[in-house]
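1. Sharing a model that was predicted from the sequence below.
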Amino acid sequence: MLANPQEFYINGLNYTIRSAIDKDAGQLSEVRLQIDGETENMDRERGEAYIDPAGFEQIIKTDTEKPRNLFLVAAVQDRIVGFSRCEGVYLKRFSHKVEFGVCVLQEFWGYGIGKNLLKESISWADANGIKKMTLNVLETNDKAVELYKKLGFEVEGLLKNDKILSDGNYYNTIVMGRWYE
């Protein structure tokens, strides 16, 4: 599904949040690869589960056509600096919910980009009859957990020893959800 573009000016930075379009595919492939190498908060290490531009073109096409999918990008001028996706499951028993994921280039942390991608996704979900939004977050990502709580998400569970990070230790994944009345 498509969303209307929104403009933001935060801490001296102008950026736009809009739906992903075909011409974004190349940049999205590069941005995802870079983000995966910048932080251990993501599920992948740099280069794992690589999605080439053709793969992103297919994801954009699918997310544009499906009413319970939303693919947003954050752009500074014409440069994509982050993105988020909401993906619905198309089985009847799960048709009321979507799963949310977000990532932002590290040099653009602190400008509310992740928060605004999530807020736009929540507005879209509310306007489109989505009853539940879920997400997973690494237990050490305190800023993200606090943001999610501020925006109405609750901890629903814990996946114990779910990820092994570069220090060789295992970490838990927090499962969070937001329910719409």
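-> Good, I have the coordinates. Numbers count the residues shown, from 1 in each chain.

2. so residue 119 is in which element?
-> Using DSSP states H and E, the element containing residue 119 is helix 113-127.

3. Against which helices or strands is that helix packed?
-> Applying 3 or more Cβ pairs under 8 Å, 6 or more residues apart in numbering; DSSP states H and E, one finds that helix 113-127 makes contact with strand 6-10, strand 13-19, strand 70-76, strand 79-88, strand 97-104, strand 132-138, helix 142-150. Placement of C-beta: from N, CA and C, glycine included.

4. For residue 179, which of the ones you listed is the nearest?
-> With Cβ to Cβ as the criterion, residue 179 lies closest to strand 132-138 of those, at 5.4 Å.

5. quick one: the closest one to helix 113-127, angle?
-> 160 degrees (axes from the mean of the first three to the mean of the last three Cα atoms, to 10 degrees).

6. quick check: angle from strand 132-138 to helix 142-150?
-> Using the same axes, to 10 degrees: strand 132-138 against helix 142-150 is 160 degrees.

7. Now strand 132-138 - C-alpha only, PDB.
-> Taking C-alpha atoms only, strand 132-138 is exported to PDB below (Å, rounded to 0.1, in the frame of the first residue of the first chain):
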ATOM      1  CA  LYS A 132      -2.200  -5.500  16.000                       C
ATOM      2  CA  MET A 133       1.400  -4.500  15.200                       C
ATOM      3  CA  THR A 134       4.300  -6.700  16.400                       C
ATOM      4  CA  LEU A 135       8.100  -6.300  16.400                       C
ATOM      5  CA  ASN A 136      11.200  -7.900  17.800                       C
ATOM      6  CA  VAL A 137      14.100  -6.000  19.400                       C
ATOM      7  CA  LEU A 138      17.400  -7.000  20.800                       C
END
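
8. Perfect, that will be all.
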